[in-house]
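1. need a 3D model of the sequence below.
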Amino acid sequence: MAPKPKDKPKPSHSPSQPPPPIEDLFASLSKHIQRSEFEQAAKVTDQVLRVAPGDEDAIRCKVVALIKADRIDDALSTIQSTKKVPIDFTFFKAYCLYRQNKLDEALESLKTQETNSATMLLESQILYRLGKMDACVDIYQKLQKSKIDSLEINSVAGLVSSGRASEVQGMLDALRVKATSNFELAYNTACSLIERNKYTDAEQLLLSARRIGQETLMEDNLPDDDIEIELAPIAVQLAYVQQLLGHTQEASEAYTDIINRDLADEPSLAVAVNNLIALKGPKDVSDGLRKLDRLKEKDSQNFQLAHGLNLKLSPKQREAVYANRVLLLLHANRLDQARELVAAVSDMFADSVMPVLLQAAVFVRENKAVRAEEVLGQFAEKFPDKSKVVLLARAQVAAAAGHPQIAAESLAKIPDIQHMPATVATLVSLKERAGDIDGAAAVLDSAIKWWSNAMTEDNKLNIIMQEAASFKLRHGHEEDAARLYEELVKSHGNMEALVGLVTTVARVDVNKAETYEKQLKPLPGLRGVDVDSLEKTSGAKHVDGSASHVGATEAYEEGKSKAKSKKKRKRKPRYPKGFDPANPGPPPDPERWLPKRERSSYRPKRKDKRAAQVRGSQGAVVREKQEAGTSGASSNSSNSKSNQVNTSKGTSQNAAAEQSKPSSKSSRKKSRN
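-> Next up, the predicted model:
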């Protein structure tokens, strides 16, 4: 915004130093603004205001320069300090409040402004950040007639965020704009294709957006790193599409590359970290927590997203980051931190379902399933319009905790899915586990009645009736089962139902069963079998064990002779690397694998004879020699007996020792395996 040249300056002279001419100051201010040097422009406006206090153009230029320099707090304080100046800064004040994320105050400030394209555009941005997407899109539709650059980019973003992605192509056709006219529009259109589950088309459009963006930004002479930062949202979205397509390895590598290179804007980096954690799950909890710590406010002890991320991420994105943080804390068994964070999330997202689901997850982790069921049930009763996800979670918790009746009651309160085959099967199974057979039968009857009246192309009546007949037959209601099978045969001509009908009616009415049995197609392999003669036979004959043994022996010998008759193909022997069969060298020792004591070269160690010498007085030796002559026979007999006892005892001990060795080896082998 270039200021007007001043013809009549109003200087306030300083006795010590003369002020610079105000014309020169405004010329310098205009030069800085044209060069986008907004910090220098703000300094020059201060010089102008010292020379001419209260100059309206200088004040207006200062406010705009501070906003352009992202000094929002200084711009707002400047606006508040110039209340005596007759300038309406309401629009700038609303914009500053919007940048500070004080959205309600910004919206209130805009109400006093005259409605024009600028105020409507700012109002749409405030509504977008507040999550009021329908009102935001309405404003964009009103602005389509006004010539605002890149309005279609914001319009597509609003439609996607409001859940109206199917309207994007129609709006582009009405505006006669191609999705590939610029890379921002291509990116937003690809997001609409993702919402419509057209992942392959979205991938192709994102690749086109990246190519167009590289060409456009290179023409602007941006450095390579700046180009990569500018296109980081496209890279993250491409990785997300790969994740949705099931290419988890490629997606994980892309997310990791974006995080490690750190060449992405703050929101894109946060989305990449969050998606990588969701992709890995509980595989590496500590690494996930460390990555999330990069997103938190540095001075905060507890986990809290940085101020810039709070402003730039949508409420849905911020909620996903906090939810994944809680889940990682639960997997890491940091229950105290998880409880504190859940309490903080409840205050941040009071209108969301996520806090109560996280609270229930904490209770389940603490083995308090009953408390989790109570919390989810109370929320469902208090907010019936948001109860679908909560009731599904309650049913899952109750079923896992062994409370089938509570799980069935929770599912029964969701009317949207009440008669779907999966829900019906789950309800029947839960009621069977709870012992409520009549209740399970009532669920099946209700589903049959609903699908009989449903006018849909994909009618599930055939499946439901067949399962109902099987259930009734299993619980002894043959007549009801036969009636259902008969109805299926008459209406759909189902062959499986015909088999079930014959099997069921045979228990009640044999003649009727024979009538329907004639409709069964004969099996081709049984045409030559006489069923009547087969029923009159005495069955299989008993074969003697000896005969069977002889037959088995003959078969074995025959197989052996056949094996011998086959010529074995001669194969060249495989030698170790570097071995020359012509010069094999000295042969290896044939006893190299034997224990040492079993080898022919083994020589046991000699015993020390000195250990057996008798120690004592000389008389004792003489006395022994004298006694030896008198009691020769008796001592010989006793010694022989004692030697026999000692020998047998030693053998048994050695045998026990030898038997204990293999058991210890086998235990080591088990431990290795």
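
2. for the stretch 451-600 of the chain, which spans come out with low pLDDT?
-> For the stretch 451-600 of the chain, applying pLDDT under 70 flags the ranges 457-458, 489-503, 505-531, 534, 538-568.

3. so what's Ala360 closest to, chain neighbours aside?
-> Ala372 (4.1 Å; Cβ to Cβ, 6 or more residues apart in numbering). Bear in mind the C-beta positions are built from the backbone N, C-alpha and C, glycine included.

4. who are the contact partners of the one you found?
-> Ala372 makes contact with Gln359, Ala360, Ala361, Phe363, Val364, Arg394, Val397, according to Cβ atoms under 8 Å, 6 or more residues apart in numbering.

5. contact partners for the nearest residue to the first one once chain neighbours are set aside?
-> Spatially, and ignoring its direct neighbours in sequence, Gln359 is nearest to Val342 (5.4 Å; Cβ to Cβ, 6+ apart). Going by Cβ under 8 Å, 6+ apart, Val342 touches Val326, Pro355, Leu358, Gln359, Val362.

6. can I have the buried ones of those residues as a ChimeraX selection?
-> Selection of the buried residues among those in ChimeraX, burial being defined by 16 or more other Cβ atoms under 10 Å:
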select :326,355,358,359,362
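
7. show me which pair in the contacts of Val342 is furthest apart.
-> For the contacts of Val342, the farthest-apart pair by Cβ to Cβ is Pro355 and Val362; their separation is 10.7 Å.

8. which residue, neighbours along the chain excluded, lies closest to Gly54?
-> Counting by Cβ to Cβ, 6+ apart, the nearest residue to Gly54 once its immediate chain neighbours are dropped is Val85, at 6.0 Å.

9. would CSV of the contacts of Val342 with secondary structure and pLDDT be doable?
-> Formatted as CSV, the entries for the contacts of Val342 read as follows, by DSSP: H, G, I helix; E, B strand; the rest coil; pLDDT from 0 to 100:
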residue, secondary structure, pLDDT
Val326, helix, 95
Pro355, helix, 94
Leu358, helix, 95
Gln359, helix, 95
Val362, helix, 95
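
10. where does the stretch 201-350 of the chain have low pLDDT?
-> When the per-residue scores of the stretch 201-350 of the chain are filtered using pLDDT under 70, no range remains.

11. please, where are all the strands along it?
-> Counting by DSSP state E, counting those that start in this stretch, one finds no strands in the stretch 201-350 of the chain.

12. can you check the chain too?
-> Taking DSSP state E as the test, none of the chain falls into strands.

13. domains in it, as residue ranges please.
-> Taking the TED database as the reference, the chain has its domains at 149-263, 265-336, 350-414, 429-520.

14. redo those as JSON lines? Include distance to Gln100.
-> Compiled in JSON lines, these are given as follows (distance: least, Cβ to Cβ, whole Å):
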{"stretch": "domain 149-263", "distance to Gln100": "21"}
{"stretch": "domain 265-336", "distance to Gln100": "8"}
{"stretch": "domain 350-414", "distance to Gln100": "21"}
{"stretch": "domain 429-520", "distance to Gln100": "51"}
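
15. tell me which of those lies nearest to Pro586.
-> domain 149-263 (53.9 Å).

16. so how far is Gln301 from Val285?
-> Relative to Gln301, Val285 is positioned 20 Å away (Cβ to Cβ, to the nearest Å).

17. and if you look at Arg603?
-> From Arg603 over to Gln301 the distance is 76 Å, taken as Cβ to Cβ.

18. cool, Glu184 as well?
-> To Gln301, Glu184 is 39 Å away according to Cβ to Cβ.

19. swap in Leu461?
-> Taking Cβ to Cβ as the criterion, Leu461 is separated from Gln301 by 60 Å.

20. the residue nearest to Pro581 when sequence neighbours are not counted: how many residues sit nearby?
-> Distances taken as Cβ to Cβ, 6+ apart place Tyr575 nearest to Pro581, at 6.1 Å, with adjacent residues excluded. Counted with other Cβ atoms under 10 Å, the burial measure for Tyr575 works out to 10 neighbours.

21. renumber starting at 63 from here on
-> That works, and once the first residue is 63, the last one we named lands at Tyr637.

22. just checking, Tyr637 touches Pro646?
-> No: shown here, Tyr637 and Pro646 do not form a contact pair, counting by Cβ atoms under 8 Å, at 9.3 Å.

23. thinking again about what came up before, any idea which of the domains of the chain gets closest to Phe151?
-> Across the domains of the chain, Phe151 has its closest neighbour in domain 327-398 (21.7 Å, Cβ to Cβ).
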